[in-house]
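Participant: Okay, sequence plus prediction incoming.
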Amino acid sequence: MLVLAIACVISAGAWVYLVLAHGGFWLTSQRLPAGEPGGSRLTSWPAVAAVVPARNEAESLPVTLPALLAQDYPGGFRVFLVDDNSDDGTPVIAAELGEKAARDGGAPLTVVKGQPRPDGWAGKVWAMAQGFAAVTAAVTAAATTAAAPPEYVLFTDADISWAPTALRDLVAGAEADDRALLSQMALLRAETRWERVIVPAFVYFFAQLYPFRRVNGPGSRTAAAAGGCMLIRRGALEQAGGLAPIRGALIDDVAMGRMIKRQRGRCWLGVTRQVVSVRPYPRLASLWQMVARSAYTQLRYSPVLLAGTLIGLLFLYALPPAGAITGLVALLAGADGAGAGGAGATGAAALTLGAGLAGWALMSLSYLPMLRLYRLSPLRAPGLPLIALLYAAMTADSARRHYAGRGAEWRGRTNLR
C-alpha cells in the first residue's frame, strides 16, 4: 500500500505540472475571433489557392465542396482538387459541382488528374504536391495576365465543411500576425455514441502532445498543424522546397509544421467551430482504425517509445482512479485490520485515496474545456481513464499492424512507404 501511495502521489504531481505548466494544453482558448479585427485594416486581400486531395470522396464532396467554392472572400480565390486515382466517380462529381458553383458566382475549380505515386512518397503528400504544382503553374500563367498570383496556399481535406467567412478569418489572422502557417483543428463529427466517447479525447491527446500555445510561440520548438485546414504563405512553402522535404510523411500536418518552423516561419494552431469534418465514424471499429493507422507512426516505429507511451498512459490515467478505489476499499476494511501496524496501513491507505482522487480530479477538470467545445456533458469527464485505456489498446494494435505489414493507410492504401 505504501508503494501504491507513493506512485499515486507522483502521478498527482505529474497532473499538477500538466495543468499548470504544460502550455495550457487542456484549454481551448487558442481561437481566431470571428471577424478577425486585422481584416478591417487590410486595404487589399491577398489571392488564395486551395488544394484539396481527394480519393474516393464521392459521398463527401456534395456536402463540402460547394461551401468551399462559395467562400465569402474579398480577394482572388480558386480551388484545385486533385483526384488521387478514385474509382467512385469523384472527379466527375467534383467537375459538376464546380460548374454549378461557377454559375452561382463561386470560386473557379480545377480538377487535377492524379499521376502514379513515385517511390518514397506518401499518397496524400503526393496528391498535395500535385496540387501545389498546379498552383505554381497558375502563378506562371498569372504573370502574363492581369490576374493576381496567390500569396497563400490553403491545404484542406475533401471531408471538411467551411463556414462562409472561415477563409476570410484565416487570411486576416495570418496577415495581422505575420504567420507563415496558420492552421485550425477542424471540429470532428461527434454524433454517434462512440464518436462522443473517442473524438473529443482524440483532440485532447493531440493537444497534450503538441500544446497549441507552445506551437504558437515563436521561440518554442514545438511544431504541429492540423491537416484539414492549413493556410501557408506560398513563398514560405517554396523556400522550404515545396512538399518534397516531407514526401514520405504519413502524418503530413505535423511534418508541415516542423518544416515551416525549422526555417523560422511563424506558426499558429488553434481550435474552431467554423471548420468542420463531416466524415462519419459510426462504429468503434472505424474510430479504432482512425487512431491505429497512425499511432505507431507518431512514435517513429520505436518499440522503446511504444513501451514508454503505454506505461505513461497507465501511470497518468489508470493509476489515479485505481489508487483512489484501492485506498477507499482499504480504509473501509481498516477496522478489521486493527492491531500492530494498523495505523501505518491506514495512513498509507488514506494517502493513496487522497492522491488518487487528486490526480483523478485534475485530469477530469482538464477535460472539461474539450467537452464544452464539443457541447457534451461534463459528466463524461471522470470517464477519461477508461478512454485512455482504449487509446492504449489502439496504440498497441497500431504497432501490431505495422509488424504484420498492415501499417498506415490513407483512403484505402496501406504501407505507403
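Facilitator: On my side now, so go ahead. Residues are numbered from 1 along each chain as shown.

Participant: biggest helix in the chain by residues?
Facilitator: For the chain, the helix that runs over the most residues, judged by DSSP state H, is helix 342-373.

Participant: if you average pLDDT over that one, what comes out?
Facilitator: Here helix 342-373 scores 94 as its mean pLDDT.

Participant: in it, what counts as buried?
Facilitator: By 16 or more other C-beta atoms under 10 Å, the buried positions in helix 342-373 come out as 345-346, 348-364, 366-367, 369-371, 373. Every residue, glycine included, has its C-beta placed from N, CA and C.

Participant: and that helix, how far out from the chain's middle?
Facilitator: 29 Å (C-alpha atoms, centre = their mean, to the nearest Å).

Participant: Can I take it that V79 is in a helix?
Facilitator: No: using DSSP: H, G, I helix; E, B strand; the rest coil, the assignment for V79 is strand, not a helix.

Participant: Wait, it touches A54, no?
Facilitator: No: using C-beta atoms under 8 Å, V79 makes no contact with A54, being 10.9 Å away.

Participant: Compare these two (neighbour count), which wins?
Facilitator: Neighbours were counted for V79 and for A54 using other C-beta atoms under 10 Å; A54 has more, 28 against 25.

Participant: Which residues are in contact with that one?
Facilitator: 61, 81-84, 86, 90, 94, 127, 158 (C-beta atoms under 8 Å, 6 or more residues apart in numbering).

Participant: Check R262 too.
Facilitator: If a contact means C-beta under 8 Å, 6+ apart, then R262 has A223 as its contacts.

Participant: next one: P382
Facilitator: 360, 364.

Participant: May I ask which helix or strand of this structure has the lowest mean pLDDT?
Facilitator: Using mean pLDDT, DSSP states H and E, strand 409-410 stands out as the lowest-scoring helix or strand of the chain, at a mean of 54.

Participant: Can you spell out which helices and strands pack onto the longest helix of the chain?
Facilitator: helix 2-21, helix 193-209, helix 319-332, helix 384-403 (3 or more C-beta pairs under 8 Å, 6 or more residues apart in numbering; DSSP states H and E).

Participant: on that earlier part again, helices - which of the contacts of A54 land there?
Facilitator: 61, 90, 94, 127.

Participant: contacting residues for G227?
Facilitator: Applying C-beta under 8 Å, 6+ apart, the residues near G227 are 155, 157, 252-253, 256.

Participant: Check the residues you listed and tell me the two furthest apart.
Facilitator: D157 and M256 (13.4 Å; C-beta to C-beta).

Participant: neighbour count winner among the two?
Facilitator: Counted by other C-beta under 10 Å, D157 and M256 do not tie: M256 has more neighbours, with 29 against 21.

Participant: The more buried one should be in a helix, yeah?
Facilitator: Yes: membership of M256 in a helix is supported by three-state DSSP.

Participant: Isn't it up against M230?
Facilitator: Yes: using C-beta under 8 Å, M256 is in contact with M230, at 6.2 Å.

Participant: what about the stretch 251-400 of the chain, any weak spots by pLDDT?
Facilitator: Flagging of the stretch 251-400 of the chain using pLDDT under 70 yields the residue ranges 335-342.

Participant: swap the cut-off to 90 and go again
Facilitator: Along the stretch 251-400 of the chain, segments meeting pLDDT under 90 span 293-294, 300, 333-347.

Participant: Nearest residue to the middle of the chain?
Facilitator: Closest residue to the average C-alpha location of the chain: A226 at 4.6 Å, with C-alpha atoms, centre = their mean.

Participant: contacting residues around it?
Facilitator: Neighbours of A226 in contact, by C-beta under 8 Å, 6+ apart: 183-186, 253, 269.

Participant: With only the CA atoms kept, save the biggest strand by length in the chain in PDB.
Facilitator: Assignment by DSSP state E gives strand 267-277 as the longest strand of the chain. Output in PDB follows, covering the C-alpha atoms of strand 267-277 (Å, rounded to 0.1, in the frame of the first residue of the first chain):
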ATOM      1  CA  CYS A 267       3.100  29.300 -37.000                       C
ATOM      2  CA  TRP A 268      -0.300  29.300 -35.300                       C
ATOM      3  CA  LEU A 269      -2.600  26.400 -34.400                       C
ATOM      4  CA  GLY A 270      -6.000  26.700 -32.800                       C
ATOM      5  CA  VAL A 271      -9.400  25.200 -32.500                       C
ATOM      6  CA  THR A 272     -12.600  26.300 -34.200                       C
ATOM      7  CA  ARG A 273     -16.300  25.600 -34.800                       C
ATOM      8  CA  GLN A 274     -16.200  27.200 -38.300                       C
ATOM      9  CA  VAL A 275     -14.200  24.400 -40.000                       C
ATOM     10  CA  VAL A 276     -16.000  21.000 -39.500                       C
ATOM     11  CA  SER A 277     -15.200  17.500 -40.600                       C
END
